[in-house]
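Engineer: Curious how this folds, go ahead:
(2 chains)
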2 protein chains.
Amino acid sequence: MVESLVMSADQPFSDADRLAIYRAIALRRDVRRGFTSRPLPDEILKRLLSAAHNAPSVGLMQPSRFIVIRNDTTRRAVYDIFKDANAQARELYEGDRKEQYDSLKLEGILEAPQNICVVCDTHSQRGHGLGRLSMPETAAYSTVCAIQNLWLAARAEGIGVGWVSILDPARLRAVLRIPEHILPVAYLCVGYVEEFGTEPDLQRAGWEKRVPLETTVFYDFYHAESRP
Amino acid sequence: MVESLVMSADQPFSDADRLAIYRAIALRRDVRRGFTSRPLPDEILKRLLSAAHNAPSVGLMQPSRFIVIRNDTTRRAVYDIFKDANAQARELYEGDRKEQYDSLKLEGILEAPQNICVVCDTHSQRGHGLGRLSMPETAAYSTVCAIQNLWLAARAEGIGVGWVSILDPARLRAVLRIPEHILPVAYLCVGYVEEFGTEPDLQRAGWEKRVPLETTVFYDFYHAESRP
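Structural biologist: Predicted structure coming up:
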């Protein structure tokens, strides 16, 4: 598919095309609930992985690897890792905040029709090290670009994606047999959903509110006074 | 704009919408040459920053900050940082590979109509630490998601983006007055371009070749034997 898309490189994007992209960006959600049991067809999964694989990578290193979890035992083992990490995390909070934390749904590991662990081969010699001497972290960043591509493509397919970060990476490595030189970057819960929220789950739950763009933009230097 | 886009959350994406998104993903390039002198209108810049700002963030932390460089002295100082880091990087290579390295164009700092440094406030208390106890690196990853949003939106606007990672972060901090607790993530060169390449610059130059998706997908566990 990519090949045929690339043939259209000369054609500019129309207003409708641009709107579709801005809509996917605005309507993408971190999904943890409301997954339907409808399975993810192999063809659609491949389309999503292909979107991820087409992401930019430092030095054309392409360090992203995708572990597609098809085994229920593995999935349950990952859920146990989440439960322990979550129990530890809730101890950060007290009083009302702790109660609120307990009421949040922070993963969809067992409900989502598909789990995918995205890892980064940070030691790959592909790309011959280009762009990584001063900032070696750009290998992992390349993998995050891949994840964001997958997330947006999924939204346009009506598929929800939730990124679970409440996991002990060492235990995740053990369960998924991830070698030392491979970095676990994200554990994703993926599947068709009943609906997408119009605002982030954490905002709806009153955990945090989004800030306006203006508070994040600076001119020439990073200091509060340069804000417009 | 975001508000009006969100109102359409119920409307599914059409085939044409999906195609637009897959095209942006497939046709996005890391652009280092061919910038035109056409300035980037404030309205379009705001649209791109807004796309970035709408990215997912761990715990709804929204840690991304955008330093829009409007000062030519700053830009030249960053270019000097690149030159030194690049001189160091070329020493990694020998013989033909070194000659090839020297022939690559790896940044567009002075030519691009706009430079933007994207940084991450890793210490922000927004989001109340949610999702960051086991994997604190997810703060920086949130900022990378923002960059990828900007990159795709830019492609649809006919605007090229190049990510320069051959920069000493400590010197970049000094020039842009970035405090210790703020992490420089990316330095972007942004502007309208004459055309977008149909393949990555580094592939065209013979530096590296893309690998097929199949080599990056594993099932259940990370080990070469699980490859399809």
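
Engineer: What pairs with the strand ranked longest in chain A, parallel or antiparallel?
Structural biologist: Ordering each strand of chain A by length in residues (DSSP state E) puts strand A:182-192 first. Applying DSSP bridges to the sheet, strand A:182-192 is found paired with strand A:114-121 (antiparallel), strand A:159-164 (antiparallel).

Engineer: Just the mean pLDDT for the longest one, thanks.
Structural biologist: Think strand A:114-121. Strand A:114-121 shows a mean pLDDT of 98.

Engineer: How about the last one?
Structural biologist: Average pLDDT, strand A:159-164: 98.

Engineer: cool, and stretch A:33-53?
Structural biologist: 97.

Engineer: where in chain A is pLDDT low?
Structural biologist: A:1-7, A:224-228 (pLDDT under 70).

Engineer: 80 instead?
Structural biologist: For chain A, residues meeting the criterion pLDDT under 80 lie at A:1-10, A:224-228.

Engineer: Please name the nearest non-neighbouring residue to A:C117.
Structural biologist: Excluding the flanking residues, the one nearest A:C117 by Cβ to Cβ, 6 or more residues apart in numbering or on different chains is A:I67, at 4.2 Å. The C-beta positions use only the backbone N, C-alpha and C, and glycine is treated the same way.

Engineer: Return the helix or strand harbouring that neighbour as CSV; C-alpha atoms alone will do.
Structural biologist: Following DSSP states H and E, one finds A:I67 within strand A:64-69. The C-alpha trace of strand A:64-69 is given here as CSV (Å, rounded to 0.1, in the frame of the first residue of the first chain):
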residue,chain,number,x,y,z
SER,A,64,11.3,-0.2,16.4
ARG,A,65,10.2,-3.8,17.0
PHE,A,66,6.6,-4.9,17.6
ILE,A,67,5.7,-7.8,19.8
VAL,A,68,2.1,-8.8,19.0
ILE,A,69,0.7,-10.6,22.0
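
Engineer: So which bits of it are buried?
Structural biologist: Using 16 or more other Cβ atoms under 10 Å in any protein chain shown as the test for burial, strand A:64-69 gives A:S64, A:R65, A:F66, A:I67, A:V68, A:I69.

Engineer: how many neighbours does the nearest residue to the third one once chain neighbours are set aside have?
Structural biologist: In space, not counting the residues next to it along the chain, A:F66 is nearest to B:V217; the distance is 5.0 Å by Cβ to Cβ, 6+ apart. B:V217 is flanked by 20 other residues according to other Cβ atoms under 10 Å in any protein chain shown.

Engineer: In this structure B:V217 contacts A:V68, no?
Structural biologist: Yes: look at B:V217 against A:V68 with Cβ atoms under 8 Å: they come within range, at 6.4 Å.

Engineer: what about the nearest residue to A:R126 once chain neighbours are set aside, how many neighbours?
Structural biologist: Using Cβ to Cβ, 6+ apart and skipping residues adjacent in sequence, the residue nearest A:R126 is A:M61, 5.0 Å away. Taking other Cβ under 10 Å as the neighbour definition, A:M61 ends up with a count of 25.

Engineer: For A:Q62, list the residues it contacts.
Structural biologist: Contacts here follow Cβ atoms under 8 Å, 6 or more residues apart in numbering or on different chains; on that basis A:Q62 touches A:H53, A:S124, A:R126, A:G127, A:S142, B:R210, B:V211, B:T216.

Engineer: A:Y101: what secondary structure?
Structural biologist: Three-state assignment for A:Y101 (DSSP: H, G, I helix; E, B strand; the rest coil): helix.

Engineer: residues in contact with it?
Structural biologist: A:A89, A:R90, A:Y93, B:L130.

Engineer: what do you get for A:A186?
Structural biologist: Listed by Cβ under 8 Å, 6+ apart, the contact partners of A:A186 are A:C117, A:V118, A:T143, A:V144, A:I147, A:W163, A:V164, A:S165, B:Y141.
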